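Participant: got a structure for you, letters missing:
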Ligand code: ATP
């Protein structure tokens, strides 16, 4: 069992007279065997969080626990954790076998034969048993990454920490490794914290995603939970591609009023919004229906399709309200690739009430 807990963890770097708060008051509990993906913009504190878990950075405040054992102050080599980096960090003068067995030779009292057996077993699991006598220089990027992963697996740790392990691979290999790595993690059942910039990795590999911004945890939840129920504007714009549309406006008599749109709220939404006046209306691109026949005229708007990008499986349609300044777009919709929409055409955009998100403009918190 390996339950990893971060309890109000803060990291402050001292840079001369300056204090840089890289991570602020992060609390999260990662149950045994969970695959948690950490995402957020560059500089938000993902790597620092991972490095604190690994013991490569000290914790300024708060506690990191592994099954109730406090890890603050425990040396990296004494933590039951294996880390995989973006740069594979293999020893160039050791063979694949040497790289995989090195950690075991150092840290365990297994016999040479036992180590060899374990390395061979993991190499076969990773499909690299024929490459064990090669040096890193004689391996492709994907093969090197397998060796790096294999090295982490042979150690049979309580926790895997992975910092963008697939980002140096080309798109096709990355997609393959994504599936493999996820299956492997499931099979091994090792608690994993995985940092990535890649939304697809976050959405498809994780049990839960933790979204960070500016050193703070914004939301932790299952991928679809974050997608459908973002807790604030930051998570709403961060998760999903193309991004959610946002319109700024006011709440007047149960209606959302923006410069070029009036959108009556159903009672449930008006109740949830309550007394908040400055709002942001959020609409996912795929929730906008173009030229459908719904008879929901209160929530249909005439718009111009300014640019249509046919992607094959879908069209990305840029939309502007009538009278909008040239070059401005108000909404982006994605529609079925078989639907023919010409650039410059006037279309009816239906925004169903079930699909909308409403945020408080000031706090950014989701109201509905
Ligand atoms: P990226 O996605 O670009 O790798 P990140 O989310 O991993 O970014 P961190 O590397 O954790 O972000 O950095 C968080 C903040 O802490 C940044 O402002 C960074 O400049 C700062 N920082 C990181 N390491 C140090 C350090 N050793 N000394 C001072 N500041 C640091």
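Facilitator: It's in. As the structure is a computational prediction, the values presented were derived from the model and not from experiment.
Participant: Find the least confident helix or strand in the chain, judged by mean pLDDT.
Facilitator: helix 96-107 (a mean of 84; mean pLDDT, DSSP states H and E).
Participant: who's in contact with it?
Facilitator: Applying C-beta atoms under 8 Å, 6 or more residues apart in numbering, the external contacts of helix 96-107 come out as 77, 82, 90-91, 94, 110, 115-116, 118-119, 122-123, 128, 131-136, 139, 147-148, 150-151, 154-155. Every residue, glycine included, has its C-beta placed from N, CA and C.
Participant: from the chain's centre, how far out does it sit?
Facilitator: 31 Å (C-alpha atoms, centre = their mean, to the nearest Å).
Participant: And the next helix or strand past it?
Facilitator: Following helix 96-107 in sequence order, the next helix or strand is helix 112-125 (DSSP states H and E).
Participant: buried sites along the helix or strand just after that following helix?
Facilitator: On the C-terminal side of helix 112-125, the closest following helix or strand by DSSP H and E is helix 141-154. Buried residues in helix 141-154, counted by 16 or more other C-beta atoms under 10 Å: 142-154.
Participant: Then stretch 271-287?
Facilitator: Here stretch 271-287 shows 273, 276, 279-285, 287 as buried, counting by 16+ other C-beta under 10 Å.
Participant: ends of that stretch, how far apart?
Facilitator: Stretch 271-287 stretches 22 Å from its first residue to its last (C-alpha to C-alpha, to the nearest Å).
Participant: now it: how far from the chain's centre is it?
Facilitator: 24 Å.
Participant: coming back round to it: what's the closest of the buried residues of helix 141-154 to residue 337?
Facilitator: residue 142 (31.3 Å; C-beta to C-beta).
Participant: Residue 180 is in contact with that closest one, correct?
Facilitator: No: using C-beta atoms under 8 Å, residue 142 makes no contact with residue 180, being 10.3 Å away.
Participant: circling back to that earlier point, which pair in the buried residues of stretch 271-287 spans the largest distance?
Facilitator: Using C-beta to C-beta, the buried residues of stretch 271-287 span at most 24.8 Å, a distance reached by 276 and 285.
Participant: Quick check: next helix or strand after the longest helix seen in the chain?
Facilitator: Counting by DSSP state H, the longest helix found in the chain is helix 171-188. Counting by DSSP H and E, the next helix or strand C-terminal to helix 171-188 is strand 191-195.
Participant: and whichever helix or strand comes after that next one, what does it pack onto?
Facilitator: Moving toward the C-terminus from strand 191-195, the next helix or strand (DSSP H and E) is helix 199-205. Applying 3 or more C-beta pairs under 8 Å, 6 or more residues apart in numbering; DSSP states H and E, one finds that helix 199-205 contacts strand 35-39, helix 171-188, helix 223-228.
Participant: I'd like to know which elements whichever helix or strand comes after helix 199-205 is packed against.
Facilitator: Next in sequence after helix 199-205, counting helices and strands by DSSP H and E, comes strand 208-213. Where contact means 3+ C-beta pairs under 8 Å, 6+ apart, strand 208-213 is packed against strand 35-39, strand 216-221, helix 223-228, helix 233-238.
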